[in-house]
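K.L.:
below are the sequence and a predicted model; questions follow.
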Amino acid sequence: MTKTLRGRRPGGVTVGRVSEGDPAGADPDSGDPDSGDPAQGPRLRPDLAPLRSSRDFRLVFASRTVTALGTQASEVALLVQAKELTGSPLAVGLLGVVELVPLLVFGLYGGVLADRFDRRALMRWCEAALGGCTVLLLVNALLPHPALWPLYAVTTVMMAAASLQRPSFDASVPRLVGREQLTAASALLSMSQNASFLLGSALGGVLAVTPGPWLVYGIDGAGFAVSFGLLTRLHPLPGPAGDPDPPWRGITKGLRYAVRRQDLLGSYLADLAAMIFAYPNALFPFLAAELHARWATGLMFAAPSVGAFGVTVFSGWMGLVSTRFSLISGGLACVGAVALVCGLLPGFVRYKSEPA
């Protein structure tokens, strides 16, 4: 299954002018001690300057934090519910397969929409759609005999809405903070997401088992309602003015741009490979049951976020790194190595435990 339903990693391929970044927004305070100035030496603590200097960034930060918590809890609940309904790892893994097509198709179109329409409106109404989908999951979970097919159908719609929404969020951040604060803003968003995923995974794993997935979906729906209200308070974020080209031409332009940028294309492909092959999320509910520790399902989902959160807490030095691709490739290599060890370790333990 892909790593998340809605937004932990930059889902889909953002195309159009949003891929190239928008002009920076308000000028930051050059005298801010948290500005990440190389002259002050490497910093370990996170740079909070974007939160202090931009009201709209605070709103987006709060919106993403609230929805990430409920989103990750719901992802765990979906897997647990599919496992309880079918007992089949294949049926659980198919939840990830149904995400892939809308992730690619609607991710392409989302970048074009972000170039042509008000990004605040796109974010808000996609948030409303995601909240409505969560309500459908809640209703299904409350039935005396919940059905399996709504899990696949609603998951597909949710990924489509999230893929349409994500480019607007990504393209809005450079409009909300100064250019010098972009790295700090990205690190803060990443830290918030990892903390929310950590708590959401543990919460979802516990609540999905007792009292059941319905409570998790209810919490997620409430989070989307709060996020919708926060996004309503944003100032309008219109896209670049005047694009006479039809949408399909915007998509082809974005694809050509991505192909020309080998670093961008490589990061997309590496990230997609990591999500598909190195995150065995669909197996976690079965592994917890095999260990007679169903309560630990959420902790298994939360464990990767512990390391990610630890890195982002000490993220001040990231603004000083000039070669970002080396960090990406090194991190993905570590992910692959750990996944390989985790896959081989149970067999090694069983081999050692067998009598000679």
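P.N.:
Thanks, I have it. Numbering: from 1, shown residues only.
K.L.:
could you pull up the mean pLDDT of the helix or strand where residue 105 lies?
P.N.:
Assigned by DSSP states H and E, residue 105 falls within helix 89-116. The average of the pLDDT scores along helix 89-116 is 82.
K.L.:
ok now that helix, how far from the chain's centre?
P.N.:
13 Å (C-alpha atoms, centre = their mean, to the nearest Å).
K.L.:
so after it, what's the next helix or strand?
P.N.:
helix 119-142.
K.L.:
remind me, longest helix of this protein?
P.N.:
helix 55-86 (DSSP state H).
K.L.:
just checking, what packs against that helix?
P.N.:
helix 49-53, helix 89-116, helix 119-142, helix 149-176, helix 182-209, helix 213-232, helix 284-290, helix 297-313 (3 or more C-beta pairs under 8 Å, 6 or more residues apart in numbering; DSSP states H and E). Every residue, glycine included, has its C-beta placed from N, CA and C.
K.L.:
nearest to residue 81, out of those helices?
P.N.:
helix 213-232 (4.5 Å; C-beta to C-beta).
K.L.:
what's the closest one in contact with?
P.N.:
Contacts with helix 213-232, where a contact means C-beta atoms under 8 Å, 6 or more residues apart in numbering, come from 59-60, 62-64, 66-67, 69-71, 73-74, 76-78, 80-81, 120, 123-124, 127-128, 130-131, 134-135, 137-138, 141-142, 203-204, 207-208.
K.L.:
ok, 7 Å please
P.N.:
59, 62-63, 66-67, 69-71, 73-74, 77, 80-81, 120, 123-124, 127-128, 130-131, 134-135, 137-138, 141-142, 204, 207-208 (C-beta atoms under 7 Å, 6 or more residues apart in numbering).
K.L.:
can you tell me which of those residues are buried?
P.N.:
59, 62-63, 66-67, 69-71, 73-74, 77, 80-81, 120, 123-124, 127-128, 130-131, 134, 137-138, 141, 204, 207-208 (16 or more other C-beta atoms under 10 Å).
K.L.:
count of residues packed around residue 136?
P.N.:
A count of neighbours around residue 136, defined by other C-beta atoms under 10 Å, yields 16.
K.L.:
ok, it - contacts?
P.N.:
Applying C-beta under 7 Å, 6+ apart, the residues near residue 136 are 150, 154.
K.L.:
and it, how close does it get to residue 220?
P.N.:
For residue 136, the distance to residue 220 (C-beta to C-beta, to the nearest Å) stands at 12 Å.
K.L.:
can you check residue 70 too?
P.N.:
3 Å.
K.L.:
returning to what we had before: same for the helix holding residue 105, what does it pack against?
P.N.:
helix 55-86, helix 149-176, helix 247-260 (3 or more C-beta pairs under 7 Å, 6 or more residues apart in numbering; DSSP states H and E).
K.L.:
looking at the second one now, give me its mean pLDDT.
P.N.:
This predicted structure assigns helix 149-176 an average pLDDT of 91.
K.L.:
report pLDDT for the residue nearest to residue 68 when sequence neighbours are not counted.
P.N.:
Excluding the flanking residues, the one nearest residue 68 by C-beta to C-beta, 6 or more residues apart in numbering is residue 196, at 3.6 Å. Looking at residue 196, its pLDDT is 87.
K.L.:
wait, residue 196 sits on residue 65?
P.N.:
Yes: contact criterion C-beta atoms under 7 Å: residue 196 and residue 65 qualify, at 5.5 Å.
K.L.:
between those two, which one's more packed in?
P.N.:
residue 196 (24 against 19).
K.L.:
if we can go back for a sec, list the buried residues of the helix holding residue 105.
P.N.:
Neighbour counts using 16+ other C-beta under 10 Å place 91-100, 102-103, 106-116 of helix 89-116 among the buried residues.
K.L.:
sweet, I'm off.
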